[in-house]
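Colleague: Show me the folded form of this:
(chains A and B)
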Protein chains: 2
Amino acid sequence: MARARISIIGTGLIGTSIGLGLAARKDRQYDIIGIDRNRDHTREAKKLGAIDREASSIEEAVEGAGLVILSVPARSARRIFEEAGKYFADGAIITDTCSTKADILMWAAEFLPETVHFVGGHPMAGRTQSGPSAAVVDLFKDATWAIAPSPRADEQAVATVRGLVESLGAVPMYIDPAEHDTYAAAVSHLPILISVGLFRMVRDSKGWEDASLLAGPAFRDLTRLASGDPAMSRDIMATNKEAVLHWLDRFQDELSTIRDAVEAGGQPVTDLFTSTGFDRDNFILNPPVRRRPDGPEAPSSQDAIGRLFVGGLYDKMKEMTQRTGKPRPIGDDPGLRKKLGALDDE
Amino acid sequence: MARARISIIGTGLIGTSIGLGLAARKDRQYDIIGIDRNRDHTREAKKLGAIDREASSIEEAVEGAGLVILSVPARSARRIFEEAGKYFADGAIITDTCSTKADILMWAAEFLPETVHFVGGHPMAGRTQSGPSAAVVDLFKDATWAIAPSPRADEQAVATVRGLVESLGAVPMYIDPAEHDTYAAAVSHLPILISVGLFRMVRDSKGWEDASLLAGPAFRDLTRLASGDPAMSRDIMATNKEAVLHWLDRFQDELSTIRDAVEAGGQPVTDLFTSTGFDRDNFILNPPVRRRPDGPEAPSSQDAIGRLFVGGLYDKMKEMTQRTGKPRPIGDDPGLRKKLGALDDE
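Modeller: Numbering: from 1, shown residues only, chains lettered A, B, ... in the order given. Got it, this is the predicted structure:
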């Protein structure tokens, strides 16, 4: 019996959490292969059951894989495209989880062979702890997952990545890579610099010993991102420098405005806290509605999830998709099986 | 049988959580009276069992109370001192949970009668949600609780407040009020302005609609303090303006340094993320040791907890303090009973 193969390159928090979600489907018809530059991370992912087998090289990991998921810092993705591009199977679908998208799409166009389909991705999820031991199967539940397909990716590849995203419980959001990077800089990348700056400032002050004793949940929460993976943060700043600096300047302006208000005191300060609190409560209580996208690039949910799980998963699909309607049986389409890297067992 | 009375003025998150902790001791020998400017908050606290009875006025709340806990914004504490000071019982112990201490101590000296004992306090605990419905009995577990006694407060009053703090599971930390305010400005008050500034900046930008869809846990965590009680934030800035502005300026300098590093790129950026991550991980994994203070102003734990629970709580005290040694029986000391506001039932 042929088995599709999914490869996860980079088994940190995100890669391992994806693996846990994929592995959790007991009647799945695919094997999950994993590799990480840090061998301990690969072993940990294997121990947790997030991958079935450890690959001994990037080449081995991508050869014959129908779906490759890159969960590495942005500039490592570039190196993998450049050095291992030729080993990807014809028709393979490649996605990533990097925090920036424009450079990744550019590198995919530059280095990947024309026979593969690259669909960029970015799950808006995370935890304080990093590494595979922090992975949880429901990390992506209800999280927005940005999807930015390359122009060369065909409809089926986009559908498969969307199926992956939805099968992990996340909500797909199609977005232009440059727009993604601009907005992610504001809500995700600038906050890293804020956390680092606040922690450094207090840590380097003479009062650190006493201040740290008084530090409660406010300080811990606001400096949480300073404990993120340094390589990821470094690559974010390198691949999204312009947008991050733009928002950092705006943030400094905002702080100066607030400084003036606090110094002057009185009603404007009250108004600032009251109106901001009102707006934020509203944002939390009534989060923006993420419409499940449709149109030619975005096939219906049951298609997408169905296509991800090739070969005899009709019942599972039915169970998964019965909320939204009758799923379409996939059958034994040889083209689709080829796309998903179905190979005879070795 | 005489009952000691404890009054909680302000039954928001903190006041109600204190009440829940005090009420949880089933064999307690005190009644808990509560009042809040917001009648719904008083009723909710009563419904939750955090207070036994609702007072109809501040005067009624403080009259005959042996221990009064003020859980209100800083400038409301001033008004209460000024307007209701004369109603406090002779020998009453008064404490607060305000975020700043120097002004509170000054107002206590200015407005409270010499017959009462003021011991300032500040629990370093909180949640995103405010109000009594967010209260939890273990809110203060392992939290640092700053204690700044007024010069007029006697040893027994300090011991009682320390007993209150420890009985709620928190760790007392004696600190000079000015020092408290300086350090709290860095780790607690500046973070409010950062949260407000980050939320306002993104919320007021043209890209808000798309950016909010991409906003994940990083943005939610870093803007959490923008949802705090506006009156509390306003009073913090009014009563600790100089220290907050000092740290805000230093934070802006820190951000400018980081901006230069990100713009230049290369090894310094990597070093920044690596060393800050290392230091923060160390802070989280090996938090600073809070030594339980001793010396004349800081009697031993079993004394303090014991004194709080007057009259026949020997067994309870024994159970609570057996870790640290044999508790001292309190007996029926009339002076102590007077201090704790023990009155014949009305």
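
Colleague: if I look at the residue of the stretch 151-300 of chain A found nearest chain B, how far off is residue B:275?
Modeller: Using Cβ to the nearest Cβ, the closest approach of the stretch 151-300 of chain A to chain B is made by residue A:216 at 3.3 Å. For the C-beta atoms, the positions are set from N, CA and C on the backbone; glycine is no exception. To residue B:275, residue A:216 is 24 Å away according to Cβ to Cβ, to the nearest Å.

Colleague: rewinding a little: apart from its chain neighbours, what residue comes closest to the residue of the stretch 151-300 of chain A closest to chain B?
Modeller: residue B:124 (3.3 Å; Cβ to Cβ, 6 or more residues apart in numbering or on different chains).

Colleague: So the one you found sits against residue B:139, correct?
Modeller: No. Applying Cβ atoms under 8 Å as the test, residue B:124 and residue B:139 come out as separate, 10.9 Å apart.

Colleague: between those two, what contacts are shared?
Modeller: Here residue B:124 and residue B:139 have no joint contacts, going by Cβ atoms under 8 Å, 6 or more residues apart in numbering or on different chains.

Colleague: Where does the stretch 1-150 of chain A get nearest to chain B, residue-wise?
Modeller: Chain B sits closest to residue A:124 of the stretch 1-150 of chain A, with a gap of 3.3 Å, by Cβ to the nearest Cβ.

Colleague: Quick check: that residue touching residue A:180?
Modeller: No. The criterion here is Cβ under 8 Å, and residue A:124 misses it with residue A:180 at 10.3 Å.

Colleague: which of the two has more neighbours?
Modeller: Neighbours were counted for residue A:124 and for residue A:180 using other Cβ atoms under 10 Å in any protein chain shown; residue A:180 has more, 26 against 23.

Colleague: Which strands or helices does the strand or helix carrying that one pack on?
Modeller: Assigned by DSSP states H and E, residue A:180 belongs to helix A:177-184. The contact analysis (3 or more Cβ pairs under 8 Å, 6 or more residues apart in numbering or on different chains; DSSP states H and E) places helix A:177-184 against helix A:102-111, strand A:117-123, strand A:144-149, helix A:241-264, helix B:208-214.

Colleague: among those, which is nearest residue A:84?
Modeller: The minimum distance between residue A:84 and the helices and strands packed on helix A:177-184 falls on helix A:102-111, with 9.4 Å, by Cβ to Cβ.

Colleague: related to what we said a few turns ago, next one: the residue nearest to residue A:216 from residue A:203, what distance?
Modeller: Remark: distance between residue B:124 and residue A:203 (Cβ to Cβ) = 17 Å.

Colleague: Name the residue in residue A:216 and residue B:275 with the higher neighbour count.
Modeller: Regarding residue A:216 and residue B:275, a neighbour count based on other Cβ under 10 Å identifies residue A:216 as having more, with 20 against 14.

Colleague: Kindly provide the distance from that one to residue A:203.
Modeller: Using Cβ to Cβ, we find residue A:216 at a distance of 16 Å from residue A:203.

Colleague: returning to what we had before: and the helix holding residue A:180, how far out from the chain middle?
Modeller: Between the centre of helix A:177-184 and the centre of its host chain there is 14 Å, according to Cα atoms, centre = their mean, to the nearest Å.

Colleague: now do stretch A:227-235
Modeller: Centroid separation for stretch A:227-235 versus its chain: 14 Å, with Cα atoms, centre = their mean.

Colleague: what about that stretch, near chain B?
Modeller: Yes. Applying Cβ under 8 Å from any Cβ of the partner chain, one finds stretch A:227-235 touching chain B at A:227-231, A:233-234.

Colleague: try stretch A:94-101
Modeller: No. Stretch A:94-101 lies out of reach of chain B by Cβ under 8 Å from any Cβ, never closer than 10.1 Å.

Colleague: try stretch A:147-161
Modeller: No. Using Cβ under 8 Å from any Cβ, stretch A:147-161 stays clear of chain B, coming no nearer than 11.9 Å.

Colleague: mind listing what's buried in that stretch?
Modeller: Under the neighbour-count criterion of 16 or more other Cβ atoms under 10 Å in any protein chain shown, stretch A:147-161 has A:147-150, A:153, A:156-161 buried.

Colleague: Domain ranges for chain A, per the record?
Modeller: A:4-175+A:291-339, A:179-264 (automatic domain parsing).

Colleague: any chance you could map the strands in the stretch 1-150 of chain A?
Modeller: A:4-9, A:30-35, A:53-54, A:67-70, A:93-96, A:117-123, A:144-149 (DSSP state E, counting those that start in this stretch).

Colleague: would TSV of those strands with distance to residue A:133 be doable?
Modeller: What follows is the strands of the stretch 1-150 of chain A, written out as TSV (distance: least, Cβ to Cβ, whole Å):
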stretch	distance to residue A:133
strand A:4-9	16
strand A:30-35	15
strand A:53-54	16
strand A:67-70	19
strand A:93-96	22
strand A:117-123	19
strand A:144-149	23
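
Colleague: Now the ones you listed in JSON lines, please, with extra columns for mean pLDDT.
Modeller: As requested, these are arranged in JSON lines below (pLDDT from 0 to 100):
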{"stretch": "strand A:4-9", "mean pLDDT": "92"}
{"stretch": "strand A:30-35", "mean pLDDT": "94"}
{"stretch": "strand A:53-54", "mean pLDDT": "96"}
{"stretch": "strand A:67-70", "mean pLDDT": "96"}
{"stretch": "strand A:93-96", "mean pLDDT": "96"}
{"stretch": "strand A:117-123", "mean pLDDT": "96"}
{"stretch": "strand A:144-149", "mean pLDDT": "95"}
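
Colleague: Quick one: residues contacting residue A:107.
Modeller: Here residue A:107 is in contact with A:77-78, A:81-82 (Cβ under 8 Å, 6+ apart).

Colleague: let's see 6 Å
Modeller: Residues in contact with residue A:107 (Cβ atoms under 6 Å, 6 or more residues apart in numbering or on different chains) are A:78, A:81.

Colleague: neighbours of residue A:142, just the number please.
Modeller: The burial count assigned to residue A:142 is 11, neighbours taken as other Cβ under 10 Å.

Colleague: how close does it get to residue A:98?
Modeller: For residue A:142, the distance to residue A:98 equals 21 Å [Cβ to Cβ].

Colleague: Quick one: residues contacting the closest residue to residue A:201 other than its chain neighbours.
Modeller: In space, and not counting its chain neighbours, residue A:201 is closest to residue B:254: 4.4 Å by Cβ to Cβ, 6+ apart. By Cβ under 6 Å, 6+ apart, the contact set of residue B:254 is A:197, A:200-201.

Colleague: Quick one: neighbours of residue A:242, just the number.
Modeller: Look at residue A:242: counted by other Cβ under 10 Å, it has 10 neighbours.

Colleague: cool, and residue A:267?
Modeller: Applying other Cβ under 10 Å, we find 11 other residues in the vicinity of residue A:267.

Colleague: Same question for residue A:206.
Modeller: If you count neighbours by other Cβ under 10 Å, residue A:206 ends up with 7.

Colleague: Residue A:117 now?
Modeller: By the measure other Cβ under 10 Å, the count of residues near residue A:117 is 26.

Colleague: What of residue A:77?
Modeller: 27.

Colleague: likewise the one 4 residues further on?
Modeller: Neighbour count for residue A:81, taken as other Cβ under 10 Å: 23.

Colleague: Okay, the residue of the stretch 151-300 of chain A closest to chain B and residue B:130: tell me how far apart.
Modeller: 15 Å.
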